[in-house]
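# quick check, what structure comes out for this input:
(one chain, ligands or ions: 1)
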Amino acid sequence: MNTIENIKNRRSTKKFKSENISDEIIFELIDCGRRASFGGPPKKKCQVSEFIIITDQKIKYALALEYEDRQFIKDAPIIIACCANTKNDPEYMEWDISVSLSIENILLAANELSLGGCIITAFTKHKKHTKDREKLIKILKIPDHIYLMALITIGYRDVNEEIPEKELRDFEEIVHTDTYGRKYNESRKKSN
Ligand SMILES: Cc1cc2nc3c(=O)[nH]c(=O)nc-3n(C[C@H](O)[C@H](O)[C@H](O)COP(=O)(O)O)c2cc1C
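Residues are numbered from 1 along each chain as shown. As a prediction, this is how the structure comes out:
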């Protein structure tokens, strides 16, 4: 699968086979995650992404909390908690962007390795979910300088999963030229 095909056919997977994932594959996924671009010069001190690999069944159950739309994480062979080490990149403070790039790398690598995955938010910005966020942090024993960004479930896809068709906004709706609101097609016509 080439990169463009991979990006275009990746979809969130929420049903998994019980088959375990080898350590070799887990490390390959993390290796792809840690190679993502990060804010600041290409030095260790700016690499913010850190990962907690969760296989303990009790912890997986605890992380599902009471939310209906995340109960599926209990059946994932592994969950990866993706975090930012805020002591790194103290100058640029672009942890969320750097960790998000790691997350997408992991999801794309998983897709290429015939694994499925899904990102689940860690309630970073939902004020009404602050207490639930605190619960996740406590369950995972995350210290103050580590910022929990998201959980990713990874597993071999259950082929019986029905993946809903994905709607995408049209190109014309999302692409502007030079300044916001100037339609891509209009500007192309004028310059030709
Ligand atoms: C920030 C973020 C948070 C998400 N949280 C959840 C979640 O709590 N539960 C869930 O089932 N899916 C969650 N998802 C997955 C989305 O539902 C899914 O990515 C979206 O429908 C787009 O589908 P696709 O990933 O197949 O392209 C989340 C995705 C993102 C990017």
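# who's in contact with the helix ranked longest in the chain?
Taking DSSP state H as the criterion, the chain has its longest helix at helix 95-112. Here helix 95-112 makes contact (CB atoms under 8 Å, 6 or more residues apart in numbering) with 1, 3, 6-7, 9-10, 28-30, 32-39, 47-49, 80, 82-84, 86, 89, 116-117, 119, 124, 147, 149-150, 152, 154. C-beta coordinates here come from the backbone N, C-alpha and C atoms, glycine included.
# so for it, what's the average pLDDT?
If you average the pLDDT over helix 95-112, you get 97.
# run the chain-centre distance for stretch 106-126.
Its chain's C-alpha centre and that of stretch 106-126 lie 4 Å apart, by CA atoms, centre = their mean, to the nearest Å.
# so which bits of the protein are right by the ligand?
Neighbours of the ligand within the chain, by CB under 6 Å from any ligand atom: 11, 12, 14, 69, 70, 118, 119, 120, 121, 166.
# list only buried entries from these.
With burial judged by 16 or more other CB atoms under 10 Å, the buried subset of those is 11, 14, 70, 118, 119, 120.
# residues in contact with the nearest residue in space to the fourth one that is not next to it in sequence?
Pointing back at residue 118 there. Of all residues beyond its chain neighbours, the one nearest residue 118 is residue 12 (4.1 Å), with distances taken as CB to CB, 6 or more residues apart in numbering. Residues in contact with residue 12, defined by CB under 8 Å, 6+ apart, are 116, 117, 118, 119, 163.
# need those in CSV with secondary structure and pLDDT, can you?
Shown next, in CSV, are the contacts of residue 12 (DSSP: H, G, I helix; E, B strand; the rest coil; pLDDT from 0 to 100):
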residue, secondary structure, pLDDT
116, strand, 94
117, strand, 95
118, strand, 97
119, strand, 97
163, coil, 94
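# now for those, which pair is the farthest apart?
Based on CB to CB, the longest span within the contacts of residue 12 runs between 119 and 163 and measures 15.0 Å.
# gap between the longest helix of the chain and the chain center?
That offset, for helix 95-112, works out to 5 Å (CA atoms, centre = their mean).
# circling back: spatially, which two of the residues of the chain next to the ligand are the most separated?
Farthest pair in the residues of the chain next to the ligand, by CB to CB: 70 and 166, 19.6 Å.
# just the mean pLDDT for the longest strand along the chain, thanks.
Under DSSP state E, the strand in the chain containing the largest number of residues is strand 146-156. Averaging pLDDT along strand 146-156 gives 96.
# show me what that strand is packed up against.
strand 78-85, helix 95-112, strand 115-121, helix 130-139 (3 or more CB pairs under 8 Å, 6 or more residues apart in numbering; DSSP states H and E).
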